[in-house]
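Undergrad: Please find the sequence and the predicted model below.
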Amino acid sequence: MVAGSCQNKNQKLQRLHLFLQRYSFMYSFLKRTTDLFLSITAIVFLLPLLVPIVFLLLCTGEREVFYRQRRIGQNGKPFWILKFATMLRNSAEIGTKEITLRNDPRVTPVGRFLRKTKLNELPQLLNVLTGEMSMVGPRPLMEVSYQLYTPEQQTRIYESKPGITGIGSIVFRDEEKLVSDAKDPRAAYQNIFSYKAELEIWYRSRASWALDGLILLVTAWSVLVPNTQLPHRLWKDLPQKSPF
């Protein structure tokens, strides 16, 4: 009787394991297919906007169009992220280094507009095309910021490819302002990352094609309504928001 019960449990576990494998494969396939479709469509659709930005950056500021920076990607593997150049050369080595404040003197006038509107993030569509990033996922971090997560958090969060947007990105859309307004910007930055870790682990535990679609829609809404509380209204089980 006991042996039969154990055998039934083992069979159920095997079926569950097989289901999870198939679900993981289907989710990965759908996610990559969606990433390719959306990134190609966005690049073609946004060309009339991208070309003037390239021209503007060539004529003003540092005369640099793209900014490449080493970031941490899926499974802790480094890659080079692409953005439109918005800051002075070697900005990561001067001033507040990896922390960017509101009205940061290292940001060029054109760069300030690009950062405020998030247009500086558009070149990451190329990172999505090459498979280094996804449309939705945790933000790819510099090594120094990545180390603010515990080893367990690093492993769990970066099972996913990093994304152009994600739950942490929309909840902290105006991270620069939060850090700038704090008495101790570096302490505020560390507190934000503590909460971001909870948000990204929440995403990993619920990751699905449908959730990714909702996050993309909420991202679009947050561009139109920057101070929206929609994420917390839509997902009631988000980790409790910490005061900053």
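TA: Noted; the coordinates are in hand. Just so we're clear, the structure is a prediction, and the values are computed from it rather than from any experiment. Residues are numbered from 1 along each chain as shown.
Undergrad: now residue 130: how far from residue 39?
TA: According to CB to CB, to the nearest Å, residue 130 and residue 39 sit 10 Å apart. Glycine gets a C-beta too; all of them are placed from N, C-alpha and C.
Undergrad: In terms of neighbours, single out the busier of the two.
TA: The neighbour count for residue 130 versus residue 39, taken as other CB atoms under 10 Å, is higher for residue 39 (21 against 10).
Undergrad: continuing past the helix or strand containing the more buried one, what's the next helix or strand?
TA: For residue 39, the host element (DSSP states H and E) is helix 2-59. Downstream of helix 2-59, the first helix or strand assigned by DSSP H and E is strand 66-72.
Undergrad: Same question for that next one: list its buried residues.
TA: 67, 71, 72 (16 or more other CB atoms under 10 Å).
Undergrad: Next, count neighbours for the nearest residue to the first one once chain neighbours are set aside.
TA: It stands for residue 67. Take residue 67 and drop its neighbours on the chain: the residue closest to it by CB to CB, 6 or more residues apart in numbering is residue 85, 4.3 Å away. Here the number of neighbours of residue 85 (other CB under 10 Å) works out to 22.
Undergrad: Equivalent analysis for residue 187, please.
TA: 12.
Undergrad: Where does it fall, secondary structure wise?
TA: helix 185-206.
Undergrad: helices and strands of this protein: which one bottoms out on pLDDT?
TA: helix 175-181 (a mean of 68; mean pLDDT, DSSP states H and E).
Undergrad: tell me the centre residue of this protein?
TA: The structure's the chain has its C-alpha centroid closest to residue 139; by CA atoms, centre = their mean the separation is 2.7 Å.
Undergrad: where does that residue fall, phi/psi-wise?
TA: The phi and psi values for residue 139, taken as degrees, to the nearest 10, are phi -70, psi 140.
Undergrad: Residue 171 is in contact with that one, correct?
TA: No: the pair formed by residue 139 and residue 171 falls short of the contact definition of CB atoms under 8 Å, at 11.4 Å.
Undergrad: Save the buried residues of strand 66-72 as JSON lines, and put in distance to residue 219 and pLDDT too.
TA: JSON lines is the format used below for the buried residues of strand 66-72 (distance: CB to CB, whole Å; pLDDT from 0 to 100):
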{"residue": "67", "distance to residue 219": "22", "pLDDT": "88"}
{"residue": "71", "distance to residue 219": "19", "pLDDT": "95"}
{"residue": "72", "distance to residue 219": "22", "pLDDT": "95"}
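Undergrad: quick one: contacts of stretch 65-79?
TA: Stretch 65-79 has contacts (CB atoms under 8 Å, 6 or more residues apart in numbering) with 54, 57-58, 80-87, 92, 123, 127, 132-133, 140-143, 146, 154-155, 158-162.
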